[in-house]
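Participant: Sequence first, predicted model second:
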Amino acid sequence: MKYFAIIVGGGSGSRMLSEVPKQFMLLRGRPVLMHTIEAFDKSDYNPEIIVVLNVDFHQYWENLCLLHNFSIPHKLVKGGTQRFDSVKNGIKAIKTKAIVAIHDAVRPLLSKQLIDRTFEEAERSGNAVAAIKSRDSVRQNTGTHTIPLDREEIYLIQTPQTFSSEILKKAYTQEYRNEFTDDASVAEKLGIKINLIDGETRNFKITFPEDIRLAEIYLDP
């Protein structure tokens, strides 16, 4: 069996109050995306790494790799209008039967152990999606008022979301829908039962300026 990691980095820097997309912002002196790629490079499954970026930033990324002497092998693929399109382009680059982890470029703090567990579970049962239970009380907006939900039944979904290539290739032949917020929702539309595995609190998405500072704390020795 072959293993792949599709790292999706199509986001802009708007919520970071920066003109630089957040996957390129510096974390401990190096772009966030480099930390993410390194995490997958440490996996025992030795996945081939595909990085999906807006084509306008391909040369920018290659220049960053030269500047930081970053040499971990990876294939660069053109991003799409929606995340759905970017993932679809990444999948098209895979020409063989495989287990495929899809991960957000701006989640750089995941552990090797989490990556390996998603590959292991997906190979056994077809898919594995990282998630953590909500620590907070949760309410749902019904349109006219809000109602409480049982937080013991609420999971916050992360990436990696790891699937067999057969499931992914079939799932991404569907037309895009607004409810396709992640890969699990795309696969589930085909009737695939989603298997959740324990994610990690530190595996958060860098979205706001304070997230960079929090990530630096986690990286302290």
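Facilitator: Yes, it's here.
Participant: Give me the buried positions along the strand ranked longest in the chain.
Facilitator: Counting residues, the longest strand found in the chain (DSSP state E) is strand 155-164. The neighbour-count check on strand 155-164 (16 or more other C-beta atoms under 10 Å) flags Ile157, Gln158, Thr159, Pro160, Gln161, Thr162, Phe163, Ser164 as buried. C-beta here means a position set from N, CA and C on the backbone, and glycine is covered the same way.
Participant: Quick check: closest non-adjacent residue to Ile192.
Facilitator: Distances taken as C-beta to C-beta, 6 or more residues apart in numbering put Ile167 closest to Ile192, at 6.0 Å, once the chain neighbours are dropped.
Participant: all strands for the chain, in order.
Facilitator: Using DSSP E, strands in the chain cover 2-9, 26-27, 30-31, 48-53, 75-78, 98-104, 127-133, 138-141, 146-149, 155-164, 196-198.
Participant: So which elements touch the last one?
Facilitator: Meaning strand 196-198. helix 112-125, strand 127-133 (3 or more C-beta pairs under 8 Å, 6 or more residues apart in numbering; DSSP states H and E).
Participant: Recalculate using a threshold of 6 Å.
Facilitator: strand 127-133 (3 or more C-beta pairs under 6 Å, 6 or more residues apart in numbering; DSSP states H and E).
Participant: Check the second one too.
Facilitator: For strand 26-27, the packing partners by 3+ C-beta pairs under 6 Å, 6+ apart come out as none at all, with no helix or strand in contact.
Participant: ok, and what's touching that strand?
Facilitator: His35, Ala215 (C-beta atoms under 6 Å, 6 or more residues apart in numbering).
Participant: so how many other residues sit close to the nearest residue to Cys65 once chain neighbours are set aside?
Facilitator: Counting by C-beta to C-beta, 6+ apart, Cys65 lies nearest to Ser71, which is 7.6 Å off, once chain neighbours are set aside. Other residues near Ser71 come to 8 when the count uses other C-beta atoms under 10 Å.
Participant: Show me where this protein dips below the pLDDT cut-off.
Facilitator: 11-18, 221 (pLDDT under 70).
Participant: how far away is the residue of it positioned farthest from its centre from Phe4?
Facilitator: The C-alpha centroid of the chain is most remote from Thr144, which lies 34.0 Å away (C-alpha atoms, centre = their mean). From Thr144 over to Phe4 the distance is 46 Å, taken as C-beta to C-beta, to the nearest Å.
Participant: Next, the contact list for Gly143, please.
Facilitator: Neighbours of Gly143 in contact, by C-beta under 6 Å, 6+ apart: none.
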